[in-house]
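[1] got a predicted structure here, sequence first:
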Amino acid sequence: MLVENKEQCSACAACYNICPKNAVELASDEFGYVYPLINKDKCIGCNLCEKVCPFKNIVKKFCPIKTYAAVYNSPDIINSTSGGAFKFLADRILESGGSVYGASMEASMDGSFRVKHKRAISEEGLLCIRGSKYVQSDMDSIYQNVRDDLEEGKAVLFSGTPCQVAGMRSYFKDKYENLFLIDIICHGVPNLKLFNDYIRYYESKHNLKVVDFCFRDKKRGTRPLAKITFTKGKHKKQKYIPYDFSSYYMLFMKGYIYRESCYNCKFACPERVGDITIGDCWGLSVENAGLLKENGGPFVEKSGISCVLCNTPKGQNLFESCSNRAIFKEIPYEYILAHNGQLNHPSIKPDAYDELLNDYSLKGYDGVEMFYKNKFPNSMLYKAYWKEISMDLVRQIIPSKVRKMVKNLVIRKT
């Protein structure tokens, strides 16, 4: 193994991509977390893998120049996880003939899901890399794709977790002015094996086939809801699940299923590795309620609001070039820091982390499910859950025209 301590590897794949002899291989441990291995028969001892590692070397970080609350100025904001900052930045790059890279989650032929970084050069291609994926993405040989685009003179926008962006920055140094790096405010990353085991457990429990999984769907507000698309018999249906009622989602939110490096992340700090940092603009109603629409401001909280940190002049210029696509207001960085813990420190490793992994190792996902039920017996929001179920039934049974008529009658009476 290239790393002796699992806390010192984020699987950014920079070492895998830089090796001139393909001597670095990426392999999963017994829990599904990926780490690099060196094939000693191929290795020539150049140490490029050591030199490019963002955990073992100093990677340039930046104090934000300006910080904003921002939203995508389009009804399409509903399809963004937060305020649509990634969308309007990506649109700007695509408009210039450039390419955009981000994480995509797709179902494979065998029914399992794969999360990997992909390249988008069109609006259609951008669809699959929008939205949050609470699973670590496979970087594979994406570095070479990025290099090819850069060498052709195209503008490239790469979006990923801070450790992935650090890998990109360490790999490419500051050689390309046409490379724009966006790091997201990240809690930590679980692995794909665990997620697929969860999906198989859910399918078995409910006798259905999951064909799509959306971690955060805003069509019913900003409260964390997963939307599962599934087939049962000949019919395709959708179901919304509060995060409390999903063992995988709940354990993610509570920080139980991240890789070891997430609890020791050197990039979870106020200084950032990306040209731009994006995330949720939490706490605006506390820090600056005057910016909300109900108080005469431009932002609607339930539609989602992004925070945007412009960390480099290059990032600032890109953001300002999107002024016709976005509504934004400059806000103090202190407001954003106060409501995004991962901008201040890494996620805290739970005391029962090793217990959970042990249960998973011995009993598979059944062990994870039992751990979740024992750990959070009273955490579920029953009232909200049954409200969601009731609304689902209403939508399925009563035609939309009838629902609108009843709603209008109620409004007239009040």
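    Ah, there it is. Numbers count the residues shown, from 1 in each chain.
[2] for the residue nearest the centre of the chain, which non-adjacent residue is spatially closest?
    Central residue of the chain (Cα atoms, centre = their mean): Ser132, 3.7 Å from the mean position. Once flanking residues are discounted, Ser132 sits nearest to Thr81: 4.5 Å by Cβ to Cβ, 6 or more residues apart in numbering. Bear in mind the C-beta positions are built from the backbone N, C-alpha and C, glycine included.
[3] quick one: the one you found from Tyr263, how far?
    24 Å (Cβ to Cβ, to the nearest Å).
[4] shouldn't Leu157 be in contact with Gly98?
    Yes: counting by Cβ atoms under 8 Å, Leu157 touches Gly98, with 6.7 Å between them.
[5] all strands of the stretch 251-400 of the chain, in order?
    For the stretch 251-400 of the chain, the strands defined by DSSP state E, counting those that start in this stretch cover 276-280, 306-310, 326-330.
[6] Thr81 and Tyr263: which has the busier surroundings?
    The residue with more neighbours, out of Thr81 and Tyr263, is Thr81; 24 against 17, by other Cβ atoms under 10 Å.
[7] go ahead and confirm the more buried one touches Leu225.
    No: shown here, Thr81 and Leu225 do not form a contact pair, counting by Cβ under 8 Å, at 11.7 Å.
[8] what stretches of the stretch 251-400 of the chain score poorly on pLDDT?
    Along the stretch 251-400 of the chain, the model assigns pLDDT under 70 to residues 378-397, 400.
[9] which residues in it form helices?
    For the stretch 251-400 of the chain, helices defined by DSSP state H, counting those that start in this stretch occupy the ranges 284-287, 313-320, 333-338, 353-363, 365-375, 382-397, 400-413.
[10] re earlier: contacts only, for the residue nearest to Ser132.
    By Cβ atoms under 8 Å, 6 or more residues apart in numbering, the residues touching Thr81 are 130-132, 215-216, 218, 304.
[11] wait, what's in contact with the closest residue to Glu30 other than its chain neighbours?
    Leaving aside its chain neighbours, Glu30 sits nearest to Ser361 (6.1 Å; criterion: Cβ to Cβ, 6+ apart). Contacts of Ser361 were listed using Cβ under 8 Å, 6+ apart, and they are 30-31, 367.
[12] of the residues you listed, just the buried ones, PyMOL syntax please.
    A single PyMOL command selects the buried members of the contacts of Ser361 (16 or more other Cβ atoms under 10 Å):
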select buried, resi 31+367
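[13] looking at the contacts of Ser361, which is nearest Lys293?
    Closest approach between the contacts of Ser361 and Lys293, by Cβ to Cβ: Phe31, at 45.2 Å.
[14] thought the closest one was touching Lys193?
    Yes: contact criterion Cβ under 8 Å: Phe31 and Lys193 qualify, at 7.4 Å.
[15] now do the phi/psi pair for Val211.
    phi -110, psi -10 (degrees, to the nearest 10).
[16] bridging residues for the nearest residue to it once chain neighbours are set aside?
    Spatial nearest neighbour of Val211, chain neighbours left out: Thr229 (5.3 Å); criterion: Cβ to Cβ, 6+ apart. Beta-bridge pairing for Thr229 (DSSP bridges): Asp212, Gln238.
[17] in contact with Thr229, which residues are there?
    Listed by Cβ under 8 Å, 6+ apart, the contact set of Thr229 reads 210-214, 236-238.
[18] swap in 10 Å and give it another go.
    Applying Cβ atoms under 10 Å, 6 or more residues apart in numbering, we find Thr229 in contact with 107, 209-214, 236-239.
[19] in JSON lines, list those along with distance to Glu4.
    Output for the contacts of Thr229, formatted as JSON lines (distance: Cβ to Cβ, whole Å):
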{"residue": "Ala107", "distance to Glu4": "36"}
{"residue": "Lys209", "distance to Glu4": "42"}
{"residue": "Val210", "distance to Glu4": "38"}
{"residue": "Val211", "distance to Glu4": "41"}
{"residue": "Asp212", "distance to Glu4": "39"}
{"residue": "Phe213", "distance to Glu4": "35"}
{"residue": "Cys214", "distance to Glu4": "38"}
{"residue": "Lys236", "distance to Glu4": "48"}
{"residue": "Lys237", "distance to Glu4": "48"}
{"residue": "Gln238", "distance to Glu4": "46"}
{"residue": "Lys239", "distance to Glu4": "44"}
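[20] tell me which of the residues you listed is nearest to Lys66?
    Among the contacts of Thr229, and counting by Cβ to Cβ, the member closest to Lys66 is Cys214, at 31.8 Å.
[21] for the closest one, what are its contacts?
    79, 81, 105, 131-133, 225-229, 238, 240.
[22] now, the residues you listed that are in strands?
    Secondary structure assignment by DSSP state E places 105, 225-229, 238, 240 of these in strands.
[23] okay, the residues you listed in TSV with distance to Pro20 next?
    Listed next are those as TSV, based on distance: Cβ to Cβ, whole Å:
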residue	distance to Pro20
Met105	32
Leu225	47
Ala226	43
Lys227	44
Ile228	44
Thr229	43
Gln238	48
Tyr240	49
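[24] out of those, which comes closest to His339?
    Nearest to His339, judged by Cβ to Cβ, of the ones in strands among the contacts of Cys214 is Leu225 at 20.5 Å.
[25] returning to what we had before: now the common contact residues for Thr81 and Leu225.
    By Cβ under 10 Å, 6+ apart, Thr81 and Leu225 have these common neighbours: 214-218.
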